[in-house]
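Participant: Next input, structure requested:
(one chain, ligands or ions: 1)
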Amino acid sequence: MEIKQYLLTRWQAFRAWQENPRTYRMDETEHVCNNCGRTFRGNYCPACSQPARQGRIGWLSLWEGIGQLWGVESRSGIYTLWQLLWRPGYLVRDYISGKRQVSYPPVKLLFILAAIIAVVQFFFPVPVEEPLVTGFRYLDTALTWLQNHENINALLSGCIFILPTWWLFRNAPRYPHHTIPEGFFVQVYVAILSFLFSSVFAESVPLAVTLSYAYMYIIYKQLFGYGYWETLWRLVVCALMSFVVVFVFIIIGLTVNEMHQNSLYT
Ligand SMILES: [Zn+2]
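Facilitator: The predicted structure follows:
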């Protein structure tokens, strides 16, 4: 019974953290801004936006200077990834609904991750998959390029989901009438996760793909608030519509390819 009670308390604390991971405290002491000289109360100077505690360069500044690449405090990239693993849909909801300080800027995160993973893979190379060869020149060029730019690949794949998602989830109970730009940022977060999984589990593609789709489902479930089945069938229809779009793009690509080759012989 005690264990059950303990687990219940932990679970409720976890659920509360998922819903709202952070409270902000206002610094009420008086500061004189080291940058512009204004006297103020608060965490940041209201005139020039320098943080209240920032002064002469010290050992802490050294660390902060390096840390700024990753963002600091609540907006750190690592904390954003942590949230993305444990409260993905809520993080996305927070970011697109205007709670911007909870997350490292997601597009930037996707590209910084790509840079870091490229460095890691330089030292610990993973076996490169054979590029898909279709025999159609433009298509092969495009496929090879995408294979070498997996973060952009993940983002483009996500972008195909924007319109179907917008249409199928427009009346969602928890986040109704999301806009196309909001839909884009949903896919950026999805892309960060699927890029991360495809890089970390590069040797096991089925695992990476399964994890990516599972997380996509969790994001949609937490963000839009439909039930388990209602989320599932909507996502499946989204995926089917996306496949149709990709198919149409490939047909267009092949037609252009044909026309180009025909023009070479006439
Ligand atoms: Zn100032």
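Participant: could you say which helix or strand contains the nearest residue to Gly89 once chain neighbours are set aside?
Facilitator: Closest residue in space to Gly89, ignoring its immediate chain neighbours: Gln222 at 2.3 Å, by C-beta to C-beta, 6 or more residues apart in numbering. C-beta coordinates here come from the backbone N, C-alpha and C atoms, glycine included. Secondary structure assigned from DSSP states H and E places Gln222 in helix 205-224.
Participant: just how off-centre is that helix within its chain?
Facilitator: Its chain's C-alpha centre and that of helix 205-224 lie 12 Å apart, by C-alpha atoms, centre = their mean, to the nearest Å.
Participant: repeat for stretch 178-188
Facilitator: Computed by C-alpha atoms, centre = their mean, the separation of stretch 178-188 from the middle of its chain amounts to 11 Å.
Participant: So what's the residue count around the closest residue to Tyr228 other than its chain neighbours?
Facilitator: In space, not counting the residues next to it along the chain, Tyr228 is nearest to Lys221; the distance is 7.2 Å by C-beta to C-beta, 6+ apart. Per other C-beta atoms under 10 Å, the neighbour tally for Lys221 reads 19.
Participant: For Lys221, list the residues it contacts.
Facilitator: Contact partners of Lys221, counting by C-beta atoms under 8 Å, 6 or more residues apart in numbering, are 89, 228, 231.
Participant: Quick one: buried ones out of those residues?
Facilitator: Neighbour counting with 16 or more other C-beta atoms under 10 Å marks 89, 231 as buried within the contacts of Lys221.
Participant: ok, so of the contacts of Lys221, who is nearest the ion?
Facilitator: Proximity to the ion was ranked across the contacts of Lys221 by C-beta to the ion; first place goes to Gly89, at 37.9 Å.
Participant: Show me what secondary structure element comes after the helix holding Gln222.
Facilitator: Per DSSP H and E, the helix or strand that comes after helix 205-224 is helix 228-265.
Participant: burial measure for the residue nearest to Gly89, as a count.
Facilitator: Taking other C-beta under 10 Å as the criterion, the count of residues near Gln222 is 20.
Participant: And for the one 4 residues further on?
Facilitator: Using other C-beta under 10 Å, Tyr226 has 20 other residues around it.
Participant: In this structure it contacts Leu235, no?
Facilitator: No: taking C-beta atoms under 8 Å as the definition, Tyr226 is not a contact partner of Leu235, at 9.6 Å.
Participant: Find the residues that touch each one of the two.
Facilitator: Shared contacts of Tyr226 and Leu235, defined by C-beta under 8 Å, 6+ apart, comprise Tyr220.
Participant: What distance do you get for the residue nearest to Leu207 when sequence neighbours are not counted to Phe14?
Facilitator: Closest residue to Leu207 apart from its sequence neighbours, by C-beta to C-beta, 6+ apart: Phe201 at 4.8 Å. With distances defined as C-beta to C-beta, to the nearest Å, the gap from Phe201 to Phe14 amounts to 25 Å.
Participant: what packs against the one helix or strand Trp166 maps to?
Facilitator: Counting by DSSP H and E, the element that carries Trp166 is helix 162-168. Using 3 or more C-beta pairs under 8 Å, 6 or more residues apart in numbering; DSSP states H and E as the contact definition, the elements that helix 162-168 packs against are helix 180-200, helix 228-265.
Participant: What are the buried residues along it?
Facilitator: Buried, per 16+ other C-beta under 10 Å, within helix 162-168: 162, 164-166, 168.
Participant: Would you mind giving the residues you listed as a markdown table with distance to Thr23 and pLDDT added?
Facilitator: Rendered in a markdown table, the data for those read as follows (distance: C-beta to C-beta, whole Å; pLDDT from 0 to 100):
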| residue | distance to Thr23 | pLDDT |
| --- | --- | --- |
| Ile162 | 33 | 93 |
| Pro164 | 37 | 93 |
| Thr165 | 31 | 94 |
| Trp166 | 33 | 95 |
| Leu168 | 35 | 95 |
